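In: kindly generate the corresponding structure for this input.
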Amino acid sequence: MVTDATGTDAQRALLASAEKFKLNVFRVLANHPDLLRDWEPFSAHVFFNTSLSHRDRELLTLRSGWLCKSSYQWARHVKYAQHVGFTMPEIERVKDGPDALGWTHHEQAVLRSVDEVREMMSISEETWNTLAETYTSTQLIDLVFCIGQNFMIAAAANTFRIPLDPDVEKYGLE
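Out: Residues are numbered from 1 along each chain as shown. Predicted coordinates:
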């Protein structure tokens, strides 16, 4: 993990360029500054400029983090989910998946899409058709890329053993 003490001048300048770069995920990726610079706009689209609702984005991200057993991703997004209105019982229910009681038909499809992409690298026709009842084609594309981004970050966080940020330590899976 790049710190002010260990980083090169270029790495320190990159990390100082935005407040979000203080998060451990960015400090680890700063070991590859070119990749971080190129990946960050895509990541920003998936999480901040997406056509999906904040609620759907967090359902996708929490479910991905849970299925991949990514403590970093789960903990970070428990905090984000609370910020956009999730209750802790709803967040805990994400662990039980799309068939848990309490989800709307749409939310079940959102959660199921994550499960299906993980299992089949595709979304079933039934789930896709349910999502298409309420989503535009732009939202359907954003959904698929959000799931892919989530799995990529979960894999990176797990492989690089990214430590939890202090503000979310209490939400970790361990």
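
In: C-alpha only now, for contacts and for neighbours.
Out: OK.

In: any idea which helix or strand in this structure has the lowest mean pLDDT?
Out: Within the chain, no helix or strand scores below helix 9-16, which has a mean of 88 by mean pLDDT, DSSP states H and E.

In: for that helix, C-alpha coordinates in PDB please.
Out: Extracted in PDB, the C-alpha atoms of helix 9-16 (Å, rounded to 0.1, in the frame of the first residue of the first chain):
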ATOM      1  CA  ASP A   9       6.600  11.800  -5.900                       C
ATOM      2  CA  ALA A  10       4.200  10.800  -8.800                       C
ATOM      3  CA  GLN A  11       2.300   8.400  -6.500                       C
ATOM      4  CA  ARG A  12       2.000  10.900  -3.700                       C
ATOM      5  CA  ALA A  13       0.800  13.600  -6.200                       C
ATOM      6  CA  LEU A  14      -1.800  11.200  -7.600                       C
ATOM      7  CA  LEU A  15      -3.100  10.200  -4.200                       C
ATOM      8  CA  ALA A  16      -3.300  13.900  -3.100                       C
END
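
In: contacting residues around it?
Out: 2-4, 21-22, 26-27, 30-31, 33 (Cα atoms under 8 Å, 6 or more residues apart in numbering).

In: what's the domain layout of the protein?
Out: The chain breaks down by automatic domain parsing into domains covering 9-48, 54-171.

In: what's the first-to-last distance across the shortest one?
Out: Between the opening and closing residues of domain 9-48 we find a distance of 28 Å, counting by Cα to Cα, to the nearest Å.

In: equivalent analysis for the longest one, please.
Out: End-to-end distance of domain 54-171: 20 Å, with Cα to Cα as the criterion.

In: also stretch 6-24?
Out: Terminal-residue distance, stretch 6-24 (Cα to Cα): 14 Å.

In: who are the packing partners of the lengthiest helix in the chain?
Out: Looking across the chain with DSSP state H, the single longest helix is helix 137-160. Contacts defined by 3 or more Cα pairs under 8 Å, 6 or more residues apart in numbering; DSSP states H and E place helix 137-160 against helix 33-48, helix 54-67, helix 71-83.

In: centroid residue for the protein?
Out: Thr61 (3.7 Å; Cα atoms, centre = their mean).
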